[in-house]
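Chemist: Return a 3D structure for these sequence lines:
(chains A and B)
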2 protein chains.
Amino acid sequence: MINQKYKDRLSKKNVIRRLAAFAHKRGQEIGYENVFDYSLGNPSVATPASYNEAVIDMYKTMDSMSLHGYSPSLGNTHVREVIADSLSRRFHLPYQAKHIFPTSGAAGAIAHAVRAVTAPGDTVLTFAPFFPEYTPYVNDTGAVLKVVPPDIPDFQINFTELERMLDENVSAVLINSPNNPSGAIYTEETLTRLSDFMNRKQKEYGHDIFLISDEPYREIVFDGRKCPYPSAFYDNTLSCYSFSKSMSLPGERIGYIAVNPKATDADILVDIFGQISRGIGHNCPASTSQLGIASVIDQTADLSVYETNMNLLYDALTDIGFEVVRPQGTFYIFPKALEEDAVAFSDKALEYDLILVPADNFGAPGYFRMAYCIDTDKVKRSIPVLRKFAHEVYGK
Amino acid sequence: MINQKYKDRLSKKNVIRRLAAFAHKRGQEIGYENVFDYSLGNPSVATPASYNEAVIDMYKTMDSMSLHGYSPSLGNTHVREVIADSLSRRFHLPYQAKHIFPTSGAAGAIAHAVRAVTAPGDTVLTFAPFFPEYTPYVNDTGAVLKVVPPDIPDFQINFTELERMLDENVSAVLINSPNNPSGAIYTEETLTRLSDFMNRKQKEYGHDIFLISDEPYREIVFDGRKCPYPSAFYDNTLSCYSFSKSMSLPGERIGYIAVNPKATDADILVDIFGQISRGIGHNCPASTSQLGIASVIDQTADLSVYETNMNLLYDALTDIGFEVVRPQGTFYIFPKALEEDAVAFSDKALEYDLILVPADNFGAPGYFRMAYCIDTDKVKRSIPVLRKFAHEVYGK
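Modeler: Numbers count the residues shown, from 1 in each chain, chains lettered A, B, ... in the order given. This is a model prediction of the structure:
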């Protein structure tokens, strides 16, 4: 009998998918270069040549079983060592290979992390605005995602609401800095205060509360910033990383979970992730992906285009009269819509071939997201169109 | 709070892992070439050069986003078309791309298939002897795996027991032909009888009963046989395939589910698999793996060594006096142990550096499995040792 839970989901409308379908259809009519598609977080810059060269070299020189054979069930040991060394060097925590678990991107990392540190029925808290896919990642484990309202306008943490919502049933808190969709980076002050609060609550309730830190945008930071590393602030942290954005290879499905060496059960959490993989039938990421990223660890694609695009858009949007916070990282910007109903706003923008994502299911109604991981030329061409739309429809 | 279910599993003894650890340790003492390690189903023949060449060519010629960008959430459309065409041509069912879902090997395929066609608490039946990893694949979905006792000595289907066990609570039947560990292939007669029985039960109970067919060894068949294709016998079939064995690339984690075009909800089952992937955070297999296998579809590695090894071992084992059925496919052979307790038998074999897996947790106590996906030279060298062991310990 077909599982009704999954079947029911098919009928649910997905805003991003609806907009992407519109963009595709409209692209066929007028040429996709004329559709100002800000809907998808799909990196546009090229994967570094060094990655491709490393993989080609592996294919030419490695023996078949070393290249294509089964990884050990916890991942390729050499790859785990390389990742542990890199993180230890960069963030000054004593990671070893036993703390690293290669995953299918940050998505796989988060879903594994939640399964490992919650029991069915437990609460996982996250903060608006948040990536909507957190809902299936968390709820399909049997835990329940609850969303702490946003801290407006800076998109740090609304501690008043957090203190109200973090009850005894909370096993994990899920954060994302730099943040999709707001582009905000949690400051050291925010992370210190969060850590102090969670440590106090752990003691009060007598059980662990894990911090699951989703960090795929860690390397995409602006204005010369560094992104504070959450695990350096709170011992019970599981850092979930993906090479999708920093290396521009989202299709290769490669990321990891790094267990803070001081976390509870730090020496067995990776074994638990291995047990979780057995149960979903997804063992390791592809051996080529694992070995490939290990050979170019600490490199990134040329990410400068995202800052260029951010500056163009931020300046234009503020000039037009949008309320918008300057992004500190990622490739998203998160302005307030020009009317209360962001869905209506987004629908009207479609008339101008502007694809803007209303943020209702990001937990921040009235806002919209623009993903500017697109050509700078298209960003430039979109600005007069944004201006025209705001003027004609909203008198800006 | 660490999830206790997964934590408890860490303390459970895994026979294959214990034997592999012994083989590794013993290999360091006397050289691994002197350990007759028949424990692991890890393909030893090389991946075809054509696969490696195709991947190198892709890396040299494709643009970055086509090669490394996100796949659509249901998999690369071209790859799905190539797989559908191949299956239609070979097995005469009208597959289209919409019936094909690329997965992380057969493991991911089975876990997705079970999640899609069962609700928590439903029963899934499989047949002894069976691959022990079926237990987590099925039970971690919330369904419950129950094992139909073996059909001795031919390892077809024990229909008496099946008829007793297939009650209203059964949503799926999980088969594996060619079979790990027995090497048996289900005959057309077996599949016809199974199909007739399941169709009758679907009608009687008024709900679907899906056949989940695990087929990673489909191309490894002996004595000029063909393996009957289960989906051609029963409409509600989900065929789960992996390229791990046929192409010798288990590390690349690439397989698929093929939905029989006449199955209930055949047009939406792949969408349901997509929803399941969202929930476990595992989107698609790596783009390189998907594109790679599409470029060499219908090819296989040189699989002839497995038949060579099978003949050597079958002849030797029967000559020594083992009760053993001649394998029809796979790279396993499944003799009866020389004493009732196969674990004790396996322990005694370790004294001779023979690594033989007792089949208690394959659902067939008293038997043992040998995985002969190893060098033919080592198989030959192992035969006098097997003979000596059987003679000295059991007087054979």
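Chemist: Spatially central residue for chain A, please.
Modeler: Nearest to the geometric centre of chain A sits A:Pro216, at 5.0 Å (C-alpha atoms, centre = their mean).
Chemist: mind listing what that one touches?
Modeler: Contact analysis of A:Pro216 by C-beta atoms under 8 Å, 6 or more residues apart in numbering or on different chains lists A:105-106, A:241-242, A:244-246, A:255. For glycine as for every other residue, the C-beta is placed from the backbone atoms N, C-alpha and C.
Chemist: And the furthest pair within the residues you listed?
Modeler: By the measure C-beta to C-beta, A:Gly105 and A:Ser246 form the most distant pair in the contacts of A:Pro216, at 11.8 Å.
Chemist: how deep is A:Leu356 tucked in, by neighbour count?
Modeler: When neighbours are defined as other C-beta atoms under 10 Å in any protein chain shown, A:Leu356 has 26 of them.
Chemist: where does it fall, phi/psi-wise?
Modeler: Phi and psi for A:Leu356, reported as degrees, to the nearest 10, are phi -120, psi 140.
Chemist: Next: A:Ile100.
Modeler: Main-chain dihedrals, A:Ile100, degrees, to the nearest 10: phi -110, psi 130.
Chemist: Pull up the gap between the residue nearest to A:Pro149 when sequence neighbours are not counted and B:Ala294, please.
Modeler: Nearest residue to A:Pro149 in three dimensions, chain neighbours excluded: A:Glu161, at 5.0 Å (C-beta to C-beta, 6 or more residues apart in numbering or on different chains). For A:Glu161, the distance to B:Ala294 (C-beta to C-beta, to the nearest Å) stands at 49 Å.
Chemist: Mind jotting down where the strands sit in the stretch 201-350 of chain A?
Modeler: Ranges of strands in the stretch 201-350 of chain A, per DSSP state E, counting those that start in this stretch, are A:210-214, A:237-242, A:255-259, A:332-333.
Chemist: try the stretch 51-200 of chain A
Modeler: Using DSSP E, counting those that start in this stretch, strands in the stretch 51-200 of chain A cover A:100-103, A:123-127, A:144-148, A:170-176.
Chemist: Would you mind naming what in the stretch 201-350 of chain A lies close to chain B?
Modeler: A:207-208, A:248-254, A:264-265, A:268-269, A:271-272, A:275-276, A:278-289 (C-beta under 8 Å from any C-beta of the partner chain).
Chemist: coming back round to it: of A:Gly105 and A:Ser246, which one has the most company?
Modeler: A:Gly105 (28 against 22).
Chemist: How about the contacts made by the more buried one?
Modeler: A:216, A:242-244, A:250, A:253-255, B:281, B:283.
Chemist: just the buried members of the residues you listed?
Modeler: A:216, A:242-244, A:250, A:253-255, B:281, B:283 (16 or more other C-beta atoms under 10 Å in any protein chain shown).
Chemist: Could you single out the nearest of those to A:Leu166?
Modeler: B:Gly281 (24.1 Å).
Chemist: Quick check, pLDDT for that closest one.
Modeler: On pLDDT, B:Gly281 comes in at 83.
Chemist: give the contact list for it.
Modeler: A:103-105, A:107-112, A:137.
Chemist: Against A:Ser71, how distant is it?
Modeler: From B:Gly281 to A:Ser71 the distance is 18 Å (C-beta to C-beta).
Chemist: ok, which pair from the buried ones among the contacts of A:Gly105 is furthest apart?
Modeler: For the buried ones among the contacts of A:Gly105, and using C-beta to C-beta, no pair is farther apart than A:Phe243 and B:Gly281, which are 15.2 Å apart.
Chemist: ok, which stretches of the stretch 151-300 of chain A are helices?
Modeler: Along the stretch 151-300 of chain A, the segments classed as helices by DSSP state H, counting those that start in this stretch run A:159-165, A:188-205, A:269-280, A:287-294.
Chemist: got the ones you listed as a markdown table, with distance to B:Gln202 and mean neighbour count columns?
Modeler: Shown next, in a markdown table, are the helices of the stretch 151-300 of chain A (distance: least, C-beta to C-beta, whole Å; neighbours: other C-beta atoms under 10 Å in any protein chain shown):
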| stretch | distance to B:Gln202 | mean neighbour count |
| --- | --- | --- |
| helix A:159-165 | 47 | 14 |
| helix A:188-205 | 50 | 16 |
| helix A:269-280 | 28 | 24 |
| helix A:287-294 | 41 | 25 |
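Chemist: where among those helices is the average confidence lowest?
Modeler: helix A:269-280 - the lowest mean pLDDT of the helices of the stretch 151-300 of chain A, at a mean of 93.
Chemist: Counting neighbours, what do you get for A:Phe389?
Modeler: When neighbours are counted by other C-beta under 10 Å, A:Phe389 registers 24.
Chemist: Now do the SS call for it.
Modeler: Classification of A:Phe389 by DSSP: H, G, I helix; E, B strand; the rest coil places it in helix.
Chemist: Excluding chain neighbours, give the residue nearest to it in space.
Modeler: In space, A:Phe389 is closest to A:Tyr352, 4.4 Å off (C-beta to C-beta, 6+ apart).
Chemist: do the same with A:Asp223
Modeler: Once flanking residues are discounted, A:Asp223 sits nearest to A:Gln328: 7.1 Å by C-beta to C-beta, 6+ apart.
Chemist: how close does the one you found get to A:Pro48?
Modeler: Going from A:Gln328 to A:Pro48 by C-beta to C-beta gives 24 Å.
Chemist: More neighbours: the two, which one.
Modeler: Neighbour comparison, A:Gln328 and A:Pro48: the larger count goes to A:Gln328, with 22 against 19 (by other C-beta under 10 Å).
Chemist: pretty sure that one is touching A:Pro228, no?
Modeler: No: look at A:Gln328 against A:Pro228 with C-beta atoms under 8 Å: they stay out of range, at 11.1 Å.
Chemist: what sits up against stretch A:87-98?
Modeler: A:77, A:80-81, A:83-85, A:100, A:229, A:231-232, A:239, A:258, A:260-261, A:267, A:270, A:298.
Chemist: Quick one: distance of it to the chain centre.
Modeler: Its chain's average C-alpha position is 22 Å from that of stretch A:87-98, according to C-alpha atoms, centre = their mean, to the nearest Å.
Chemist: Show me which residues of it are buried.
Modeler: For stretch A:87-98, the buried set under the neighbour-count rule, 16+ other C-beta under 10 Å, comprises A:87-88, A:93, A:95, A:97-98.
Chemist: just stretch A:6-18 next, same as before
Modeler: Those would be A:6-7, A:9, A:15-16, for stretch A:6-18 by 16+ other C-beta under 10 Å.
Chemist: would JSON lines of those residues with distance to B:Pro178 be doable?
Modeler: Formatted as JSON lines, the buried residues of stretch A:6-18 follow (distance: C-beta to C-beta, whole Å):
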{"residue": "A:Tyr6", "distance to B:Pro178": "31"}
{"residue": "A:Lys7", "distance to B:Pro178": "33"}
{"residue": "A:Arg9", "distance to B:Pro178": "36"}
{"residue": "A:Val15", "distance to B:Pro178": "47"}
{"residue": "A:Ile16", "distance to B:Pro178": "43"}
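Chemist: so which of these are also by chain B?
Modeler: When the buried residues of stretch A:6-18 are checked against chain B using C-beta under 8 Å from any C-beta, the ones in range are A:6-7, A:9.
Chemist: coming back round to it: any quick ChimeraX command for the buried ones out of the contacts of stretch A:87-98?
Modeler: Applying 16+ other C-beta under 10 Å to the contacts of stretch A:87-98, the buried members can be selected in ChimeraX as follows:
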select /A:80,81,83,84,85,100,229,231,232,239,258,260,261,270
